[in-house]
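Trainee: take a look and give me a structure for this.
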Amino acid sequence: MTKDEIEPLFTRADGSYLCARWGRPLAPVVFGVEDATLATFKGALEAVCQMAGHEIAETDPELGANLMVFFFRDWQELLGVPNLDRLIEGLAPLVDRLEAAEANQYRVFRFDEAGAIRASFVFLKMDDQLSAVPAETLALSQVVQTMLLWSDTAFRDRSALGQLGDGRVVLRPEIAALIRAAYDPVMPAVAQDPSHALRLAARLAAAPPPA
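Mentor: Model prediction:
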């Protein structure tokens, strides 16, 4: 990928550039799914973290769990989750906005003092559209969109996932390489200057081809 292809993925609708990665190991917890779906989600998370060279932990010493994923049928269900309003400021107005927009997914990020991701909350309303998506595809899509702070317009025109000839859905190779480059220890955990996209492109160009 070139700088001109990478930059829009981290350029928000207001024109600002922002790319951030996790600054700590991920400690996930998933609510509202059966064990099989839970295993699928954790499998996708492990695969993407291994690819990125990032760690997964049983618990976060500060938060306990720092990646919380909620599956539900109605946005109003969130208002009944104990203490969620303490974690998500303005939860009730947010629920009203998401209902009005007929949204079926939403992600909230929290950042540490350096600007790296310290926590993320993923909300998935399982309407007819999301319910029709295979669990493996949904899990991989959500993990990819949580690994980095992408632009609010990223993947609007083209998914981060692709389909192989045998029907399997996988992460597009160029997006996988981009995530690996963003997690390279020599790269900053957070960047707000578009020149960061040029550095990512340089790392992609220098990376060896996948085996």
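Trainee: what are the structural domain limits within the chain?
Mentor: 1-19+152-211, 22-133 (automatic domain parsing).
Trainee: how far out from the middle of the chain is the first one?
Mentor: It stands for domain 1-19+152-211. 13 Å (Cα atoms, centre = their mean, to the nearest Å).
Trainee: can you check stretch 19-31 too?
Mentor: Worked out by Cα atoms, centre = their mean, stretch 19-31 lies 9 Å from the chain centre.
Trainee: likewise for stretch 52-64?
Mentor: For stretch 52-64, the distance to the chain centre is 15 Å (Cα atoms, centre = their mean).
Trainee: and that stretch, end to end?
Mentor: With Cα to Cα, to the nearest Å as the measure, the ends of stretch 52-64 fall 22 Å from one another.
Trainee: stretch 178-198 now?
Mentor: Stretch 178-198 end-to-end distance (Cα to Cα) = 12 Å.
Trainee: and what of stretch 51-66?
Mentor: 20 Å.
Trainee: of the domains of the chain, which approaches residue 143 most closely?
Mentor: Evaluated with Cβ to Cβ, those place domain 22-133 nearest to residue 143, the distance being 4.7 Å. In this view, the C-beta of every residue, glycine as well, is placed from N, C-alpha and C.
Trainee: mean confidence for that closest one?
Mentor: Per-residue pLDDT over domain 22-133 has a mean of 94.
Trainee: so how far is it off the chain centroid?
Mentor: 9 Å.
Trainee: does residue 22 really touch residue 114, like I thought?
Mentor: No: contact between residue 22 and residue 114 fails when scored by Cβ atoms under 8 Å: they sit 11.6 Å apart.
Trainee: between these two, tell me which one has more neighbours.
Mentor: For residue 22 versus residue 114, neighbours defined as other Cβ atoms under 10 Å are more numerous around residue 22 (25 against 11).
Trainee: residues in contact with the residue nearest to the more buried one when sequence neighbours are not counted?
Mentor: Counting by Cβ to Cβ, 6 or more residues apart in numbering, residue 22 lies nearest to residue 117, which is 4.6 Å off, once chain neighbours are set aside. The neighbours of residue 117, taking Cβ atoms under 8 Å, 6 or more residues apart in numbering as the test, are 20-23, 109-111, 149.
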